[in-house]
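S.K.: Just need the structure, nothing else, for what follows:
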Amino acid sequence: MEIIELSITAEESENYRKITNRLKVLGAVGWVKAYIWAVVYVVIFCAIGFALAGRYALTIMPVSYTHLTLPTIA
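M.R.: Predicted structure coming up:
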């Protein structure tokens, strides 16, 4: 049995490394896994952004509660 080595072209090598080409060959299970990981990353990113935005908002907006009054019903 003879083994023949075939070299790949630069285009094939580039296509192998591209994420879009990897997604094209995914099966159903692969798509579900990719979707779950995308959701996990988005949730983490948004949680960090929300925490940082809240902390930043508290530092730039000093709040004084002395002028607040409860609403009265007339």
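S.K.: Mean confidence (pLDDT) on the top helix by length along the chain, please.
M.R.: Longest among the helix segments of the chain by residue count, using DSSP state H, is helix 28-60. In this model, helix 28-60 has a mean pLDDT of 89.
S.K.: for that helix, packing partners?
M.R.: Contact partners of helix 28-60 among helices and strands, from 3 or more Cβ pairs under 8 Å, 6 or more residues apart in numbering; DSSP states H and E: none. Backbone N, C-alpha and C define where each C-beta goes, glycine included.
S.K.: What lies in contact with the strand or helix carrying residue 20?
M.R.: Using DSSP states H and E, residue 20 falls within helix 19-24. For helix 19-24, the external contacting residues (Cβ atoms under 8 Å, 6 or more residues apart in numbering) are 15, 34.
S.K.: C-alpha coordinates for it, PDB please?
M.R.: In PDB, the C-alpha atoms belonging to helix 19-24 read as follows (Å, rounded to 0.1, in the frame of the first residue of the first chain):
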ATOM      1  CA  ILE A  19     -14.300  30.700  11.700                       C
ATOM      2  CA  THR A  20     -16.900  31.100   9.000                       C
ATOM      3  CA  ASN A  21     -15.700  28.100   7.200                       C
ATOM      4  CA  ARG A  22     -15.700  26.100  10.400                       C
ATOM      5  CA  LEU A  23     -19.300  27.000  11.100                       C
ATOM      6  CA  LYS A  24     -20.300  25.900   7.600                       C
END
